[in-house]
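1. Sequence isn't available, so here's the structure alone:
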């Protein structure tokens with residue numbers, strides 16, 4: 001059974017950067033496409049990014065394009081989300097999710113993912 005644990009969240013000033021990690025255990029992360037999602041208080045969960053298992057191709061939601069970068073290191077069973085130029089509206093709990101997939105498959109649709117981490121809080125405030 002795949003388990004995911006996010007880390008790297010915290011408090012950062014506007015314009016700052018954070019790098020989130022999603023560490024997998026129980027299986028090889030190389031078999032899975034990974035999605036990042038976030039949920040702010042009082043709001044619905046929204047997509048952030050996704051990365052395929054096969055070719056490492058990526059997708060980004062419009063609000064984070066050009067600021068966030070997703071990457072993976074399958075040897076370390078870890079996926080990263082580098083977040084730059086952070087804004088107060090990026091404040092949320094960030095979740096990683098996984099789905100068995102091959103090739104270039106990836107998606108920003110949360111219902112497509114079967115495995116979820118517990119989330120890590122990101123707060124952007126001065």
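-> On my side now, so go ahead. Remember, predicted model here, so these are calculated numbers, not experimental data. Numbering: from 1, shown residues only.

2. Look at residue 102 and report its pLDDT.
-> Reported pLDDT at residue 102 in the predicted model: 89.

3. Please, where are all the strands along the protein?
-> Taking DSSP state E, the strands of the chain run over residues 3-7, 10-12, 18-25, 32-39, 46-51, 58-60, 68-73, 78-83, 92-100, 115-116, 120-124.

4. Mind putting those into a markdown table with distance to residue 107 and mean neighbour count?
-> Any C-beta I mention is one placed from the backbone N, CA and C, and that applies to glycine too. Output for the strands of the chain, formatted as a markdown table (distance: least, Cβ to Cβ, whole Å; neighbours: other Cβ atoms under 10 Å):
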| stretch | distance to residue 107 | mean neighbour count |
| --- | --- | --- |
| strand 3-7 | 17 | 18 |
| strand 10-12 | 28 | 14 |
| strand 18-25 | 16 | 19 |
| strand 32-39 | 7 | 24 |
| strand 46-51 | 6 | 22 |
| strand 58-60 | 7 | 17 |
| strand 68-73 | 13 | 18 |
| strand 78-83 | 15 | 22 |
| strand 92-100 | 8 | 22 |
| strand 115-116 | 14 | 18 |
| strand 120-124 | 21 | 18 |
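
5. looking at those, which is closest to residue 106?
-> Proximity to residue 106 (Cβ to Cβ) singles out strand 46-51 among those, at 4.0 Å.

6. Within the sheet, what are the partner strands of the closest one, with directions?
-> Neighbouring strands of strand 46-51 in its sheet, by DSSP bridges, are strand 32-39 (antiparallel), strand 58-60 (antiparallel).

7. residues making contact with the longest one?
-> Pointing back at strand 32-39 there. Here strand 32-39 makes contact (Cβ atoms under 8 Å, 6 or more residues apart in numbering) with 2, 20, 22, 24, 45-53, 70, 72, 79, 81, 90, 92-101, 105-108, 110, 112-113, 115, 119, 122.

8. just the last one next, same as before
-> Contacts with strand 58-60, where a contact means Cβ under 8 Å, 6+ apart, come from 48-52, 68, 70, 106-108.

9. Check the residue nearest the centre of the chain and give its pLDDT.
-> In the chain, the centroid-proximal residue (Cα atoms, centre = their mean) is residue 36; its distance is 2.7 Å. pLDDT, residue 36: 98.
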